[in-house]
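S.K.: Pasted the sequence and its predicted model underneath.
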Amino acid sequence: MSSFTLDALAAVIAARAASDAGSSYTKSLLDAPARAAKKLGEEAVEAVIAAIQGDRAALTAEAADVLYHLLVVLQAGGVPLQDVMAELERRTAQSGHAEKASRASPASGG
């Protein structure tokens, strides 16, 4: 099992924010947040396709792409990974159905 963590990946992305966009793909995405968000969406769709097809190797690779691009979008948006983790921790303190109900607006019907 790998000891590489999302925190470590977030730190790499943050460090590359100081790089030159010409030599760093990460920096080029950070300089174009809409492009980074679009890439996140593309990678998510590719992960869905791999999951539906039951292709474990492709799903593994696409999941890595999704996580990477998500962390780039978070960095570009000024949202620390710790904030996302705190939100997940808050949500897991209750059942999934109760948590979803607490987020549903009355007008949406849940």
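M.R.: Sure thing, it's come through.

S.K.: In contact with K39, which residues are there?
M.R.: The contact partners of K39, by CB atoms under 8 Å, 6 or more residues apart in numbering, come to 29, 69, 72. Glycine gets a C-beta too; all of them are placed from N, C-alpha and C.

S.K.: and what of I13?
M.R.: 26, 30, 68, 71-72, 75.

S.K.: if we go to 6 Å?
M.R.: Neighbouring residues of I13 by CB atoms under 6 Å, 6 or more residues apart in numbering: 26, 71-72, 75.

S.K.: Not counting its neighbours along the chain, what's nearest the residue nearest in space to the middle of the chain?
M.R.: With distances taken as CA atoms, centre = their mean, the chain has L70 as the residue nearest its mean C-alpha position (2.5 Å). In space, and not counting its chain neighbours, L70 is closest to L40: 5.8 Å by CB to CB, 6 or more residues apart in numbering.

S.K.: And the helices in this protein?
M.R.: Using DSSP state H, the helices of the chain run over 6-16, 25-30, 33-53, 56-77, 81-92, 96-103.

S.K.: Most tightly packed of those helices?
M.R.: helix 25-30 (a mean of 19; mean count of other CB atoms under 10 Å).

S.K.: can you list contacts of that one?
M.R.: Contacts to helix 25-30, defined as CB under 6 Å, 6+ apart, come from residues 13, 16-17, 19, 21, 36, 72, 76.

S.K.: could you redo the last one with a cut-off of 7 Å?
M.R.: For helix 25-30, contacts defined as CB atoms under 7 Å, 6 or more residues apart in numbering pick out 13, 16-17, 19-21, 35-36, 39, 72, 75-76.

S.K.: The residues you listed: which two are farthest apart?
M.R.: D20 and K39 (19.4 Å; CB to CB).

S.K.: gap between A104 and V84?
M.R.: A104 sits at a distance of 21 Å from V84 (criterion: CB to CB, to the nearest Å).

S.K.: Quick one: residues contacting D20.
M.R.: Contacts of D20 by CB under 7 Å, 6+ apart are K27.

S.K.: go on, the one 4 residues further on?
M.R.: Taking CB under 7 Å, 6+ apart as the definition of contact, the neighbours of S24 are R16.

S.K.: Fine by me, we can end here.
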